[in-house]
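Q: next come a sequence and a model predicted from it.
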Amino acid sequence: MIEATNTGDHNAFVAAFSDDAYIEDWGRQFRGREGVASWDRTDNIGRNAHFEPRDTRQVGTSYVVTLDVTGDGFNGTSDFVFEIDGDLIRSMVIKPG
């Protein structure tokens with residue numbers, strides 16, 4: 001997901017998520033691969049986002065990745081909370097920085 005974002009690979013970004021994926025971006029919700037693709041176009045690769053990982057930790061069954069975000073949209077640091085299903089992302093919740 002991070003590599004796909006940083007290289008601008010929309011197809012690889014969407015493929016990193018499960019069919020029933022869920023994204024929450026500061027309260028805005030997106031569901032399924034169609035929702036993932038929509039969020040990517042409007043808020044991520046579509047805004048030339050670049051992610052720089054700063055910290056990763058496991059909290060229960062979730063993984064929290066602190067990312068520095070730059071691009072033509074949000075710029076700053078946020079925690080991304082991931083739930084993983086096999087090798088795919090089932091959910092990604094972005095917390096305000």
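A: Perfect, thanks for sending it.

Q: could you say which helix or strand holds the nearest residue to residue 85 once chain neighbours are set aside?
A: Nearest non-adjacent residue to residue 85, counting by C-beta to C-beta, 6 or more residues apart in numbering: residue 18, 5.1 Å away. To be clear about C-beta, it is placed using only N, CA and C from the backbone, and glycine gets the same treatment. Using DSSP states H and E, residue 18 falls within strand 17-25.

Q: where's residue 68 relative to residue 34, distance?
A: Residue 68 is 28 Å from residue 34, where distance means C-beta to C-beta, to the nearest Å.

Q: got it, and residue 69?
A: Distance from residue 69 to residue 34, counting by C-beta to C-beta: 23 Å.

Q: before we move on, the earlier item: so the residue nearest to residue 85 touches residue 83, yeah?
A: No: checked against C-beta atoms under 8 Å, the pair residue 18 and residue 83 is beyond contact range at 9.5 Å.

Q: who's in contact with the strand or helix carrying residue 90?
A: Assigned by DSSP H and E, residue 90 falls within strand 88-94. By C-beta atoms under 8 Å, 6 or more residues apart in numbering, the list of residues contacting strand 88-94 from outside reads 1, 16-18, 20-26, 78-84.

Q: repeat for stretch 24-39
A: Residues outside stretch 24-39 that contact it (C-beta under 8 Å, 6+ apart): 10, 13-14, 17, 19-23, 43, 91-96.

Q: quick one: the helices in this protein?
A: 2-7, 10-15, 32-43 (DSSP state H).
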